[in-house]
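Engineer: Here you go, sequence then predicted model.
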Amino acid sequence: MTIRHFPNLTDAGADGIAAILADAIDRKAARAGLPKGAPDADAPLAGRALAMVFEKNSTRTRFSFDMAIRQLGGTPIVADAGTMQIGRGETIADTARVLSGFVDAIMIRTDDHAKIEEMAAHASVPVINGLTVSSHPCQIVADLQTIIEHGKALPGLKVAWLGDGNNVLASIMEAAGLLHFDVIAACPQGFMPADADVALGKGRARVVADPAEAAAGADVIVTDTWVSMGQAHAETKLKAMGPYQVTRELMAKAKPDAAFLHCLPAHRGEEVTGEVIDGPQSLIWDEAENRLHAQKAILRWCFGQIG
């Protein structure tokens with residue numbers, strides 16, 4: 001049987017992502033009213049163990065994957081890379097082989113996307129990308145689930161991105177190419193996405209310099225933090241990003257029922273104003289909760305239970 005890894009959205013394909021989204025929505029509805037720690041009635045991953053390896057700090061990815069495997073009936077094992085031998089020079093390949101003997105799946109949150117690929121190449125169990133500097137597929141599944149739950153169909157949707165041409169944008173453009181919606185990203189010079197990332201949109205993604213052009217008529221406006229922890233040249237970047245802040249005036253250029261998304265953590269007063277992120281068009285808390293439901297569906301896809 002072919003091992004189903006989840007390094008990027010394309011690895012699941014359009015049909016796989018559609019199945020993941022449907023399962024996430026259905027399972028979320030099915031457990032309404034249950035305590036968070038209660039397992040799903042069918043416990044589809046009973047007896048399964050998930051290793052979660054963190055080379056980068058995390059709140060949403062860590063808690064959502066931990067609760068996801070528990071709600072599915074399985075067992076989480078969480079480790080920071082600094083407490084493992086991988087933090088002292090043991091290779092990714094050797095780590096993948098060792099962990100494959102202990103657990104049924106591996107989620108890793110790391111910096112270099114090549115580490116995900118190497119982990120998948122040497123593991124005999126599914127490997128899931130919990131975030132790299134190149135992509136963040138789990139986040140985008142949660143974003144798409146949130147959009148659908150709030151009554152917006154994906155085909156033909158216009159998504160506006162404001163700010164840094166980063167890993168989250170790369171995965172949004174990848175999703176656009178798979179699921180037939182449009183992405184217009186407004187990014188300053190020096191912080192635009194790579195041409196290869198734009199190409200993932202298969203003609204449905206483009207980059208502009210003007211934030212107003214991107215926001216005009218948008219169904220959804222998305223942004224992300226401008227400066228990640230430990231990133232160099234923060235002051236220069238913040239200055240370049242200033243005109244791309246999501247404000248009430250910018251939201252007014254989108255459709256009247258446009259939604260605002262942000263994967264968090266947020267810096268109010270930088271990439272977005274408080275009145276937008278805490279306002280009525282903001283869906284950030286549903287978006288954050290949906291990381292849990294999206295992760296559950298991704299795990300089920302990896303184990304061949306859906307799609």
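Structural biologist: Received the coordinates, thanks.
Engineer: can you pull the contacts of the nearest residue to Glu174 once chain neighbours are set aside?
Structural biologist: Spatial nearest neighbour of Glu174, chain neighbours left out: Leu200 (4.1 Å); criterion: Cβ to Cβ, 6 or more residues apart in numbering. Quick note: C-beta positions are derived from backbone N, CA and C, even for glycine. Remark: with contacts taken as Cβ atoms under 8 Å, 6 or more residues apart in numbering, Leu200 is in contact with Thr10, Ala170, Met173, Glu174, Gly177.
Engineer: Please pick the buried ones from the residues you listed.
Structural biologist: Members of these that pass the buried threshold by neighbour count (16 or more other Cβ atoms under 10 Å) are listed as Thr10, Ala170, Met173, Glu174, Gly177.
Engineer: Can you tell me which of the contacts of Leu200 is closest to Gln145?
Structural biologist: Comparing the contacts of Leu200 against Gln145 with Cβ to Cβ places Glu174 closest, at 16.1 Å.
Engineer: Next, format the buried ones among the contacts of Leu200 as TSV and append distance to Thr59.
Structural biologist: Putting these into TSV (distance: Cβ to Cβ, whole Å) gives the following:
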residue	distance to Thr59
Thr10	27
Ala170	21
Met173	25
Glu174	24
Gly177	29
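Engineer: and the residue nearest to Val207 when sequence neighbours are not counted, how far is that from His262?
Structural biologist: Nearest residue to Val207 in three dimensions, chain neighbours excluded: Ala185, at 4.9 Å (Cβ to Cβ, 6+ apart). Ala185 sits 15 Å away from His262 when distances are taken as Cβ to Cβ, to the nearest Å.
Engineer: roughly how far apart are the residue nearest to Ala209 when sequence neighbours are not counted and Ile20?
Structural biologist: In space, and not counting its chain neighbours, Ala209 is closest to Ala186: 6.8 Å by Cβ to Cβ, 6+ apart. Per Cβ to Cβ, Ala186 is found 29 Å from Ile20.
Engineer: so where do the strands sit in this structure?
Structural biologist: Across the chain, reading from the start of the chain, the strands by DSSP state E fall at 49-54, 75-80, 105-109, 127-131, 158-162, 182-186, 205-208, 220-223, 259-262.
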